[in-house]
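*Asks:* My questions concern the predicted model and sequence given below.
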Amino acid sequence: MWWLFVATRGGEMRLRIMKSIMENPKNANQLSSEVGVNYRTIEHHLKVLVENHLVMIMGNGYGKTYFLGEIAQNNSNILEEIMNQSNMKGRVN
């Protein structure tokens with residue numbers, strides 16, 4: 001999990017997305033507005049997070065909503081530690 005958020009380009013953006021989803025599940029448009037980046041950027045990072053089973057999708061089309069995946073839920077302490085070490089605690093924007 002560490003490499004996905006710290007050792008790769010785009011890791012900070014993925015942390016911001018995860019922080020937002022941890023607070024409340026959202027669709028891509030809501031994430032785009034909250035995190036302050038364009039929709040295509042959010043889609044790219046969500047695809048990476050879904051492929052790595054950190055985020056799961058419920059629904060389809062425009063209304064599909066992103067939730068924490070099982071790996072993120074089962075390893076929330078590791079995710080929190082990564083956020084703390086990346087100065088992301090309590091920060092979305």
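*Replies:* Cool, the structure landed.

*Asks:* what's the pLDDT at residue 87?
*Replies:* With respect to pLDDT, residue 87 scores 66.

*Asks:* Tell me if I am right that residue 56 is in a strand.
*Replies:* Yes. Under DSSP: H, G, I helix; E, B strand; the rest coil, residue 56 falls within a strand.

*Asks:* any idea how far residue 84 is from it?
*Replies:* Distance of residue 56 to residue 84, given as CB to CB, to the nearest Å: 24 Å. C-beta coordinates here come from the backbone N, C-alpha and C atoms, glycine included.

*Asks:* in which helix or strand would I find residue 83?
*Replies:* helix 76-85 (DSSP states H and E).

*Asks:* Neighbour count: residue 56 and residue 84, which is higher?
*Replies:* For residue 56 versus residue 84, neighbours defined as other CB atoms under 10 Å are more numerous around residue 56 (18 against 11).

*Asks:* Any idea which helix or strand in this protein has the lowest mean pLDDT?
*Replies:* helix 2-5 (a mean of 79; mean pLDDT, DSSP states H and E).

*Asks:* Which stretches in the chain count as helices?
*Replies:* 2-5, 11-23, 28-35, 39-51, 70-74, 76-85 (DSSP state H).

*Asks:* Report the rounded mean pLDDT for the second one.
*Replies:* Along helix 11-23, the predicted local confidence has a mean pLDDT of 94.

*Asks:* quick one on the thing from earlier: which of the helices of the chain sits most buried?
*Replies:* helix 11-23 (a mean of 20; mean count of other CB atoms under 10 Å).

*Asks:* and it, how far from the chain's centre?
*Replies:* Remark: helix 11-23 is offset 4 Å from the chain centroid, using CA atoms, centre = their mean, to the nearest Å.

*Asks:* now the most centrally placed residue in the chain: how far from residue 41?
*Replies:* The residue lying closest to the centre of the chain (CA atoms, centre = their mean) is residue 18, at 2.7 Å. Distance, residue 18 to residue 41, by CB to CB: 15 Å.

*Asks:* Residue 6 too?
*Replies:* If you go by CB to CB, the gap between residue 6 and residue 41 works out to 19 Å.
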